[in-house]
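In: my questions concern the predicted model and sequence given below.
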Amino acid sequence: MNRIGPVRALRALGRVRQAGRPGTATQPDAPLRRVDPDVASSIAQWFIDAPARDRERLVTAAYRELQVQTDRQFAELTEPGGAFGYTVAWTRRPTPYSTAAELIEAVRTTGVLEVTAALVDRDRLHPGLDCAVGGPYDRLRAVHDIVGHVMTGYGFDRDGEYSAWLRQSRLYYGLARWAAATELHAEHSVTWTTLQFPEHKAVLIPQRLLLRSSPRIGVREERRG
């Protein structure tokens with residue numbers, strides 16, 4: 001994918017930010033997809049049983065690609081004077097926003113997103129992505145908030161997060177899309193099912209479960225220019 005690719009993909013997913021534009025967070029701007037509770041439960045159980053980190057080269061390569069592609073998206077979203085012009089502020093506040101509606105409204109109005117640095121919760125550091133303040137894992141979370149919620153109006157409930165993953169997956173290709181499915185769907189499935197935040201893991205969701213959850217998502221999609 002060349003440099004123009006992420007820009008076109010991002011513009012296809014959401015409107016370019018306009019400072020001062022009022023939010024519409026009470027209703028999603030994009031069609032909401034409904035998660036299958038039985039499939040989500042199976043995925044959650046797999047994630048709970050999985051090791052904290054899979055040492056296979058494929059997993060390492062997938063998370064490396066996830067970082068590279070996410071960093072490109074983050075750069076496009078936050079480029080000063082660029083098409084989007086978002087600003088991300090890393091904070092130690094555990095909950096900068098009380099609801100999804102508050103986050104969406106605030107970011108759409110000001111163009112500034114606050115993200116709690118992963119290092120604040122030292123007991124839940126990611127084993128496959130650097131958790132330095134503003135580092136790879138923090139940038140992944142910032143991109144998810146902007147693309148998955150601000151651009152779509154999706155909430156933090158199970159259907160909102162499921163829909164956010166399906167939309168955001170369009171920005172990834174190849175192994176990165178596979179790792180993103182683990183981060184944005186498998187881990188959230190545990191939260192939906194158990195009502196608790198699981199530990200972070202560096203693993204790859206089995207393709208049989210991924211296909212049950214969304215047959216349209218191909219984890220080995222070729223690069224597109």
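Out: Yes, it's here.
In: test my guess that L103 contacts V150.
Out: Yes. At 7.3 Å, L103 counts as touching V150 under the criterion of CB atoms under 8 Å. For glycine as for every other residue, the C-beta is placed from the backbone atoms N, C-alpha and C.
In: quick check, central residue of this protein?
Out: When the chain is reduced to its mean C-alpha position, the closest residue under CA atoms, centre = their mean turns out to be H144, at 3.4 Å.
In: L103 and V150: which is more packed in?
Out: Under the neighbour definition other CB atoms under 10 Å, L103 and V150 were set side by side, and V150 has more, 27 against 22.
In: please save the CA atoms from the longest helix along the chain in PDB.
Out: The helix spanning the most residues in the chain, taking DSSP state H as the definition, is helix 57-78. Provided in PDB are the C-alpha atoms of helix 57-78 (Å, rounded to 0.1, in the frame of the first residue of the first chain):
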ATOM      1  CA  ARG A  57       7.200 -16.100  14.200                       C
ATOM      2  CA  LEU A  58       3.800 -15.600  12.500                       C
ATOM      3  CA  VAL A  59       2.400 -13.900  15.600                       C
ATOM      4  CA  THR A  60       5.500 -11.700  16.000                       C
ATOM      5  CA  ALA A  61       5.300 -10.700  12.300                       C
ATOM      6  CA  ALA A  62       1.600  -9.900  12.600                       C
ATOM      7  CA  TYR A  63       2.100  -7.600  15.500                       C
ATOM      8  CA  ARG A  64       5.000  -5.900  13.800                       C
ATOM      9  CA  GLU A  65       2.800  -5.300  10.800                       C
ATOM     10  CA  LEU A  66       0.000  -4.100  13.100                       C
ATOM     11  CA  GLN A  67       2.300  -1.500  14.600                       C
ATOM     12  CA  VAL A  68       3.600  -0.300  11.200                       C
ATOM     13  CA  GLN A  69       0.200   0.100   9.600                       C
ATOM     14  CA  THR A  70      -1.300   1.700  12.700                       C
ATOM     15  CA  ASP A  71       1.600   4.200  12.900                       C
ATOM     16  CA  ARG A  72       0.800   5.200   9.300                       C
ATOM     17  CA  GLN A  73      -2.800   5.800  10.200                       C
ATOM     18  CA  PHE A  74      -1.900   7.700  13.300                       C
ATOM     19  CA  ALA A  75       0.400  10.000  11.300                       C
ATOM     20  CA  GLU A  76      -2.300  10.700   8.800                       C
ATOM     21  CA  LEU A  77      -4.900  11.400  11.400                       C
ATOM     22  CA  THR A  78      -2.700  13.800  13.400                       C
END
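In: related to what we said a few turns ago, name the residues contacting each of L103 and V150.
Out: For the pair L103 and V150, residues contacting each of them under the criterion CB atoms under 8 Å, 6 or more residues apart in numbering are L113.
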